[in-house]
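Enquirer: Sequence and predicted structure are below.
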Amino acid sequence: MGPFYPNPLQPGTYAAKEADIIASIGHPPCDCHDCQTGFYASPEQYKPALSYRGKLSESNARRLVESYTKEIHENRKYLADRLKMHADLLMSRWRKRSQEKRQALLAEVAPDLEPSQWINIRYSQMEERGFIHRRELRRRRQLLAPWLSVEVLKSNPAVLYALLHYRTAYPPDNWAAFDCRQLTLSWACGWLDVDFCNKCVVMYGPRYGSLVDWEEIPAHRADILGFPRARLVLEAQAFILTTLRSIVDKVLDGVDDSLPARTNKWQELTVNAGFKRTGEVEFWSPYTNQAFSAPPILDIDYLLSLAKTRLEATGDHLWHLQCDPAYMRRHIKVQSRKSFFKIIDGTEGAAYFAWEVYEEILGHYWWRWIEMECRNVASLHRRFRDNIHPGFPLPPRYDQALGALELILVNQVIYRAQFLLDNMPYCPGFSQHWTVDRAPGMAKGSIRVERKSSNNTKEAFEEDPLDYCLSQLLGRPDEQTNFDHAMLFAFLQNHLSQCTSKEKARIDENLLKRLSDLSTCHEMLVAVRLSRPQNKARDISEVIASETDRDRQAWKKMHQSDASPRTPQIDLRRCGTKLIEDFYAKPLSGQKSLEWVRQSRASRAALESFWDSMRGIMRKYFTGYTFTGEDIDGLLQIISADKTPEYVDPVRSEEDKILADLKNNKPEPMLRRLTLDNSDAKAKREVQSPREKIKSRPEPGSVQPITAPSAPDVTPGVDSSLKTDDLIVVTGRSLNIFGFMFPETAEESTKTVNWDDFVHAICEVGFTARNNGGSAVLFENTNGGKIVFHKPHPVAKIDSVMIRTMGKRMAKWFGWSRERFVLADSSDTSHHSP
């Protein structure tokens, strides 16, 4: 505990002589931010928790890191050899044990393991953390690997399999950046005893674990790490592998090593590299389960795919808001559930909804600009990839591009967290923690929003862990004493998987989508920051001043012109009010008749008028930045869907069909005069469906059989223009799902679908599903095509509006149609992947 000792005059505090503190300070070789990852800054060491316990000589430091490195390599090789012989037997024995027996085994062979998950959260609330003179080795080991616990190992056998596979398949230097990041909170809060030596440790390649002198350039690109922090990383890795070795030895106790190797099931499991939580149909997310996934090696194509799928998903969402009246009505209804609608008038509510649409448009643009930055990095990576190696400097242009992407992402994490804060007080599920009212004398449009109680206490965590978790997600990513977002999202996912339906319902659909955007931005940020060699940090002014960077649209957005963007509240209130009055308050009713056609036209005209106004608002907004006129025209295309033939032609065809049916059944003279005005035609591709209530509870037996073709040759109901190779053979259950995605009858248009049934159907035709943070699930086919759908919440049932929307998205991106799916013969087990 260095120079500090318990203060007898003030229990719970520490005292020290100033001379002793000064003598104990280990001066870091560099005071920059990057080097503070490996050394405590000199001023920090005046705090008892951040004071070094002692100073080690170079020889003692070298012996220590060499012993850890030797232990790591020996245990890794031992585990790999055992798995090569007995992996299948280990899987079988571990899977067959009950959770109680797994717990008993772990208590016997790994007594230092923390019993429960989330040690960092719980330890932050314990008085024990302040008693630096009474620290125990057991607690130290738990904090070195805060994600490892008895609870997580016993609950799902796949966790142990994944941990064994990834820790043996990848060398320890691949894990160094992740393992170092897991220590960030404990390091910043001073929860671990740390010894000082002014040397560094190599963190890559064959020399991993070697003690070397500090050098500025290698240190700043994270090729070497200060001994105080590096020693903790090596100690953590040694503890993890020693624990795994003890578990494997106990599980395989008594096995005959002379038996032939049995690894077929293990190979099948690890080659697919897909692990799932118990009871879930999707593979787990590497972001929230990084310790049980492959180490975080920068894959810029993966980052690009994340940005691209979010861009496409938000673009499709905006498309349907413009072109699908049923989708827009549903969206308004979901938004109107917020608690403050009880205290505001209709005009204010309309303004709020228009503001939400405005924010969603900006959110889409940010995904567009993030994707552009990812493409820039990917292009430079392909150009310079032969010059990107650990231990060598990054090519300057690639280094700058990574720094620019990092800067965008860190600001997006802050931006998306602010969205979360802006929404939480108004969600009914969290209203008990907030005062939302209008005090006497407050101006119209103003609302008082105040937190009733602290959200950062032990009581807050124990009494309402969901609110506690969401509140912690508001923390800035660069504040090292904040909880890591990835850990908080893992906590959130775990909590929602175990809680009651009432507890799940506290997070509404809109809030969960906000969380999904935040998690994706943070996942991308962490991927960049864990890449090695590490890029140089940049600031906005530097990027804007750079000729190679400032012309990309993201930096035009961050660089305001002389005329700053004006606040659009008045315009939003005006167009929002008209939308509610002329569109939402006048739903379509009755059968498809002449009157229904008139209502439909009026409804579409009101929706088109709203989007005309939004285009004007966004055009004025962008003129306050350095965008060119061509830039602005390109940006407005995504909210000009109602001007496209893809919208106009299907609506015209639908109306023509309705009018023709009416004329054939009930001739009316007025029908001849009711036609689309070609000069002002604004139509859409969506077929209008009946207005329906958004259901919050599942309907038993909602999936019903539909009439469908049963063979690929001369099949009734199959488009004869389709080639046999274009058909997708599926089971009857999946055929039902695809029928509801592309309905032909009124009955099919009102069906709901269980989420798990939908996932199974999509996976049957060649896709894999992987949790992607929050409610987002990423589906990827064998050709590399990807699409994101949001898992319904709180009830995992897709309503009829959304299942049809999913069908339209699959038609757009993968060419799906109802006619492509045919029923498999009982003797035919082959499947054609789209």
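Expert: Ah, there it is. Residues are numbered from 1 along each chain as shown.

Enquirer: Residue 4 against residue 132, yeah?
Expert: Yes: here residue 4 reaches residue 132: they are 7.0 Å apart, a contact under CB atoms under 8 Å. C-beta coordinates here come from the backbone N, C-alpha and C atoms, glycine included.

Enquirer: what sits in contact with each of those two?
Expert: By CB atoms under 8 Å, 6 or more residues apart in numbering, residue 4 and residue 132 have these common neighbours: 14, 48.

Enquirer: average pLDDT for stretch 629-648?
Expert: The predicted model assigns stretch 629-648 a mean pLDDT of 93.

Enquirer: and it, how far out from the chain's middle?
Expert: Taking CA atoms, centre = their mean, to the nearest Å, one finds the center of stretch 629-648 at 29 Å from the center of the full chain.

Enquirer: With just CA atoms, put that stretch into CSV.
Expert: Extracted C-alpha coordinates of stretch 629-648, given in CSV (Å, rounded to 0.1, in the frame of the first residue of the first chain):
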residue,chain,number,x,y,z
GLY,A,629,-26.0,22.1,-53.8
GLU,A,630,-25.2,18.8,-55.3
ASP,A,631,-24.5,17.3,-51.9
ILE,A,632,-27.8,18.5,-50.6
ASP,A,633,-29.8,17.2,-53.5
GLY,A,634,-28.1,13.8,-53.0
LEU,A,635,-28.9,13.8,-49.3
LEU,A,636,-32.6,14.7,-49.9
GLN,A,637,-33.1,11.6,-52.2
ILE,A,638,-33.7,9.3,-49.2
ILE,A,639,-36.7,11.4,-48.2
SER,A,640,-38.0,11.8,-51.7
ALA,A,641,-39.3,8.3,-52.1
ASP,A,642,-42.8,9.5,-52.9
LYS,A,643,-41.5,11.1,-56.1
THR,A,644,-40.1,7.9,-57.6
PRO,A,645,-41.7,5.4,-60.0
GLU,A,646,-41.2,2.7,-57.4
TYR,A,647,-43.9,4.5,-55.4
VAL,A,648,-46.1,5.9,-58.2
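
Enquirer: Identify all contacting residues around it.
Expert: Contacts with stretch 629-648, where a contact means CB under 8 Å, 6+ apart, come from 315, 318-319, 322-323, 361, 364-365, 368, 553, 556, 607-608, 611, 614-615, 618-619, 622-623, 627, 681-685.

Enquirer: got the buried residues for that stretch?
Expert: For stretch 629-648, burial by neighbour count (16 or more other CB atoms under 10 Å) applies to 631-632, 635-636, 638-639, 641-644, 647-648.

Enquirer: any chance of these in a markdown table, plus distance to residue 244 and secondary structure?
Expert: Converted to a markdown table, these look like this (distance: CB to CB, whole Å; DSSP: H, G, I helix; E, B strand; the rest coil):
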| residue | distance to residue 244 | secondary structure |
| --- | --- | --- |
| 631 | 54 | helix |
| 632 | 57 | helix |
| 635 | 52 | helix |
| 636 | 56 | helix |
| 638 | 49 | helix |
| 639 | 53 | helix |
| 641 | 53 | helix |
| 642 | 58 | helix |
| 643 | 60 | helix |
| 644 | 57 | coil |
| 647 | 57 | helix |
| 648 | 62 | helix |
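
Enquirer: out of the residues you listed, who's nearest residue 498?
Expert: Nearest to residue 498 among the buried residues of stretch 629-648 is residue 638, at 39.0 Å by CB to CB.

Enquirer: how close does that closest one get to residue 312?
Expert: For residue 638, the distance to residue 312 (CB to CB, to the nearest Å) stands at 11 Å.

Enquirer: and what of residue 242?
Expert: Per CB to CB, residue 242 is found 46 Å from residue 312.

Enquirer: cool, residue 801 as well?
Expert: Using CB to CB, one gets 19 Å for the distance from residue 801 to residue 312.

Enquirer: now residue 362
Expert: Distance of residue 362 to residue 312, computed by CB to CB: 17 Å.

Enquirer: what does residue 517 give?
Expert: From residue 517 to residue 312 the distance is 14 Å (CB to CB).

Enquirer: ditto for residue 249
Expert: Applying CB to CB, the value for residue 249 to residue 312 is 49 Å.

Enquirer: between these two, who's got more neighbours?
Expert: residue 312 (19 against 14; other CB atoms under 10 Å).

Enquirer: In the stretch 201-350 of the chain, where is pLDDT below threshold?
Expert: Low-confidence segments of the stretch 201-350 of the chain (pLDDT under 70): 272-274, 276-281.

Enquirer: again, only this time at 90
Expert: Low-confidence segments of the stretch 201-350 of the chain (pLDDT under 90): 256-259, 268-286, 297, 334-349.

Enquirer: Quickly find the element holding residue 12.
Expert: Residue 12 belongs to no helix or strand when assigned by DSSP states H and E.

Enquirer: Buried ones in stretch 467-483, by neighbour count?
Expert: Neighbour-count burial for stretch 467-483 flags 467-473, 475, 477, 482-483 (criterion: 16+ other CB under 10 Å).

Enquirer: Can I get that stretch in PDB? Just the C-alpha atoms.
Expert: Taking Å, rounded to 0.1, in the frame of the first residue of the first chain, the C-alpha atoms of stretch 467-483 are listed here in PDB:
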ATOM      1  CA  ASP A 467     -33.000   1.800 -14.800                       C
ATOM      2  CA  TYR A 468     -29.500   1.600 -13.300                       C
ATOM      3  CA  CYS A 469     -28.100   0.000 -16.400                       C
ATOM      4  CA  LEU A 470     -29.700   2.500 -18.800                       C
ATOM      5  CA  SER A 471     -28.500   5.400 -16.700                       C
ATOM      6  CA  GLN A 472     -24.900   4.100 -16.700                       C
ATOM      7  CA  LEU A 473     -25.000   3.900 -20.500                       C
ATOM      8  CA  LEU A 474     -25.300   7.700 -20.600                       C
ATOM      9  CA  GLY A 475     -21.600   7.900 -19.500                       C
ATOM     10  CA  ARG A 476     -19.000   9.200 -21.900                       C
ATOM     11  CA  PRO A 477     -16.800   6.500 -23.400                       C
ATOM     12  CA  ASP A 478     -13.500   8.300 -22.700                       C
ATOM     13  CA  GLU A 479     -14.100   8.500 -19.000                       C
ATOM     14  CA  GLN A 480     -12.200   5.500 -17.600                       C
ATOM     15  CA  THR A 481     -14.100   5.400 -14.300                       C
ATOM     16  CA  ASN A 482     -17.300   4.800 -16.200                       C
ATOM     17  CA  PHE A 483     -18.500   1.200 -16.800                       C
END
